[in-house]
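> generate coordinates for the sequence data below:
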Amino acid sequence: MKSKDTVINELLPLTEDEEIYKRYHLLGSDPEAKKIFLDEMEDYVRGHHMLIFDYPFVTYPSVLHEEDLYTHLSITRGSNVNIVRHLRYTPVFEHSHSFFTMLYILRGNCGHTVDGTDLPMTRGDLFFLPPYVKQTISVFDDETLVLNLHIRKDTFDDVFFNTLRYNNILSDFFMSCLYSRDPVSGILFRTGQDEEIEDAVLEIYQEVQRDDEYSWRILNNMVPILFTKILRGFSGQAVFTGAGADAVQSGRNRTVLRILSYIADNYRTATLSETASHFGYSLEHCSRLIRGETGTGFVSFVRKIKMNHAAALLRSTRSSVADISSMVGYENPESFIRVFEKFYQMTPSAYRRENGTK
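I've put the predicted structure just below:
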C-alpha cells in the first residue's frame, strides 16, 4: 500500500476533464465566451461524455445504475464495491443511484443536498445514501477531495449486512432503507480528522485501483471493517435525515427495526410465533408492529426477503435453481419456482439469463 500522503498527492491534481469543467465554470454567464468555448470543446465533450448541459446532445439519466458508471471496473464483473473521486467543477445536477452510496469528504468542503434539503459537508464527514434517493454534490475548488463508495443493493444482505446486525444504528439505517414504508433518506457521521477512518477509506480506494482477481474478495472484507470502525467511534454523533428520521433518531421505531433485523437474519426458518416469543410479545402485537413498519404482514415480509436473496444468488452465482431454492428456505424447488415467478413475473432461469453476471 502507498502512504496516505502519496495517495492524496495523486488525487489532488485536476484531471483533463476537470480542467474543462473548470474553464466552463469560470465563464460564468458570459454568452459570447460560452459560445466560443462550446464550439471549441464539442468534440471533446462528445468523446468523454461530459455533463455540460448547454450542449443539446447532453442528457443524463435520473437514476444511475452500475453499468452507467463502470463499464470496465470490478463492480460490473462480480464485485460488490467501487470507489471513485467526484470530479471537481462538475455542473450541479440532481440524480440518484440504484446502489447504496457512502460519500466521504477527504479534504475541504462541498455543497450537498438530499431530497432538496441542504446538507453541506466538510472534512471527515461521511454520509450514507440509500438507493433511489435524490442528491446533488457541488465542488468548485481545486483542493476539495470527495470520494464516493458505491455498494450493490442486490447483494448487500448477503455480503455486508451480517456484520451490521445486532442492535446498532447502521443496522437500523439499512433496515429502514430496505424495508420501511417511511424510510430514512440518509445518515451522517462527522468523523473530523480521524486517521483510522481516513486510512480505512484510502485502503479501499487503493484496492479498487488495484482491481485484480483477488480485489473483490478483499473489498468484501474491507468494507465491513470500515463500517465497524465507524460504529465504534461515532455511533453517538450520527444524524438521520428524511421522512423516517425522527422515529429512528428518537428510538420510537427502533424495537421494530430490530425485529425486522432478527427476521432478516433468520429468514430461512423464521416464524411469527418464534419471533414474537424471542422479543417477549404476543403474536398479535408482533404482527401489528411488522405491518405498521413495512406495510405488509409477516408472511409477505419473509417472502420478500427470500426472493431478494434468491435474485441476488441468481445474479451473482452459478448455483442451480434447486440449490438456491434450498439456500433460501424452500424444501420443494417447484414451490420456489412458482413463488419466484409470481414475484418477478419470470422464472428463475429467465431471470438469470436477463440479469446474471456477464
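> residues contacting T136?
If you count contacts by C-beta atoms under 8 Å, 6 or more residues apart in numbering, T136 has them with 92-95, 111-113. For every residue, glycine as well, the C-beta is placed using N, CA and C.
> could you tell me whether it really is in a strand?
Yes. Assessed by DSSP: H, G, I helix; E, B strand; the rest coil, T136 belongs to a strand.
> ok, back up a step: list buried residues within the contacts of T136.
Taking 16 or more other C-beta atoms under 10 Å as the criterion, what is buried in the contacts of T136 is 112-113.
> will you turn the contacts of T136 into a markdown table that also has secondary structure and distance to I20?
Shown next, in a markdown table, are those (DSSP: H, G, I helix; E, B strand; the rest coil; distance: C-beta to C-beta, whole Å):
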| residue | secondary structure | distance to I20 |
| --- | --- | --- |
| V92 | coil | 16 |
| F93 | coil | 16 |
| E94 | coil | 22 |
| H95 | strand | 20 |
| G111 | strand | 20 |
| H112 | strand | 23 |
| T113 | strand | 24 |
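> among the contacts of T136, which one sits closest to D212?
Using C-beta to C-beta, H95 is the member of the contacts of T136 that lies nearest D212, at 30.4 Å.
> wait, what's in contact with the nearest residue to that closest one once chain neighbours are set aside?
Leaving aside its sequence neighbours, H95 sits nearest to L64 (C-beta to C-beta, 6 or more residues apart in numbering; 6.0 Å). For L64, the contact set (C-beta under 8 Å, 6+ apart) comprises 95-98.
> go again with 10 Å.
95-99, 101, 150 (C-beta atoms under 10 Å, 6 or more residues apart in numbering).
> am I right that H150 falls within a helix?
No. H150 is assigned strand when assessed by three-state DSSP, not a helix.
> that one touches H86, doesn't it?
No. Between H150 and H86 no contact is recorded; they are 11.7 Å apart, counting by C-beta atoms under 10 Å.
> strands of the stretch 1-150 of the chain, start to end?
Along the stretch 1-150 of the chain, the stretches classed as strands by DSSP state E, counting those that start in this stretch are 63-64, 81-85, 96-97, 100-107, 109-114, 117-118, 121-122, 125-129, 135-138, 145-151.
> the inter-axis angle of the last one versus strand 100-107?
This points to strand 145-151. 160 degrees (axes from the mean of the first three to the mean of the last three C-alpha atoms, to 10 degrees).
> the inter-axis angle of strand 145-151 versus strand 109-114?
On the basis of the same axes, to 10 degrees, strand 145-151 is oriented at 40 degrees to strand 109-114.
> ok, strand 145-151: who's next to it in the sheet?
Take DSSP bridges as the rule and strand 145-151 pairs in its sheet with strand 81-85 (antiparallel), strand 100-107 (antiparallel).
> what's the offset of the first one from the middle of its chain?
For strand 81-85, the separation from the chain centroid amounts to 11 Å (computed by C-alpha atoms, centre = their mean, to the nearest Å).
> could I have the CA atoms of that strand written out in PDB?
Extracted in PDB, the C-alpha atoms of strand 81-85 (Å, rounded to 0.1, in the frame of the first residue of the first chain):
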ATOM      1  CA  VAL A  81     -17.900  -2.400  -4.200                       C
ATOM      2  CA  ASN A  82     -16.400   0.500  -6.100                       C
ATOM      3  CA  ILE A  83     -15.000   3.900  -5.000                       C
ATOM      4  CA  VAL A  84     -14.300   6.900  -7.200                       C
ATOM      5  CA  ARG A  85     -13.300  10.500  -6.700                       C
END
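> average model confidence for it?
The average of the pLDDT scores along strand 81-85 is 90.
> which residues touch the spatially most central residue of the chain?
Central residue of the chain (C-alpha atoms, centre = their mean): F100, 0.7 Å from the mean position. For F100, the contact set (C-beta under 10 Å, 6+ apart) comprises 81, 128-131, 133, 149-153, 156, 160, 173-174, 177-178.
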